[in-house]
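take a look and give me a structure for this.
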Amino acid sequence: MKILEAQNALLSNYEVYQFLEERQERLGKQKQNRRRGPGNLETLIHELLQYFRSPPGPLSQQPTTYSADAVTKLVEQLRGYDLAKGELIMILNMRPQTPAQLHACIEEIEGRLSEDEQSKILDIVAEVLGQFPVEEEEGEGEAMEEA
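As a prediction, this is how the structure comes out:
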């Protein structure tokens with residue numbers, strides 16, 4: 001077999017999450033029909049879904065703010081910033097809220113985007129996907145309790 005187009009499409013964590021949830025439902029129906037899938041497929045799907053649902057992952061927020069419409073809307077609104085596909089996927093997967101997180105998503109950001117454009121991107125992400133609740137760090141919480 002010959003690969004004609006390597007990495008033709010990239011998947012976001014949300015798309016993988018949706019696929020795994022659908023697959024898990026199908027496996028549940030197969031159990032009722034007494035069909036058996038590959039050996040550790042169920043374990044793999046369960047552990048991946050658990051990983052996606054665990055904090056601080058963006059998909060752990062309940063109810064989730066990700067949807068097919070939200071992903072499409074975000075990509076459309078970020079189209080004017082000349083971002084690569086990989087950078088868009090990173091923004092979708094990380095859901096950056098600070099300039100430091102945005103710098104991790106976009107290569108050579110300082111030379112490509114002004115501070116105003118960077119803050120607009122963060123505003124777009126917050127508008128489309130909502131604000132992700134920030135939890136207090138354990139060290140700060142313990143220090144406040146002792147005082």
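
which residues touch L88?
Contact analysis of L88 by CB atoms under 8 Å, 6 or more residues apart in numbering lists V75, L78. C-beta coordinates here come from the backbone N, C-alpha and C atoms, glycine included.

how far away is it from V71?
Distance, L88 to V71, by CB to CB, to the nearest Å: 10 Å.

one more: R95?
From R95 across to V71, the span is 11 Å (CB to CB).

neighbour count: these two, which is higher?
Higher neighbour count among R95 and V71: R95, with 25 against 17, using other CB atoms under 10 Å.

wait, what's in contact with the more buried one?
Counting by CB under 8 Å, 6+ apart, R95 touches P58, V125, L129, F132.

pretty sure V71 sits against N13.
No - the criterion here is CB atoms under 8 Å, and V71 misses it with N13 at 10.6 Å.

check which helix or strand covers the most centrally placed residue in the chain.
The chain has N93 as the residue nearest its centroid, 2.6 Å off, counting by CA atoms, centre = their mean. N93 is part of helix 85-94 when elements are defined by DSSP states H and E.

that helix - what's its average pLDDT?
Mean pLDDT, helix 85-94: 89.

now do the buried residues in that helix.
Neighbour counts over helix 85-94 (16 or more other CB atoms under 10 Å) mark E87, L88, I89, M90, I91, L92, N93, M94 as buried.

regarding this structure, what is its longest helix?
helix 13-32 (DSSP state H).

alright, that wraps it up for me.
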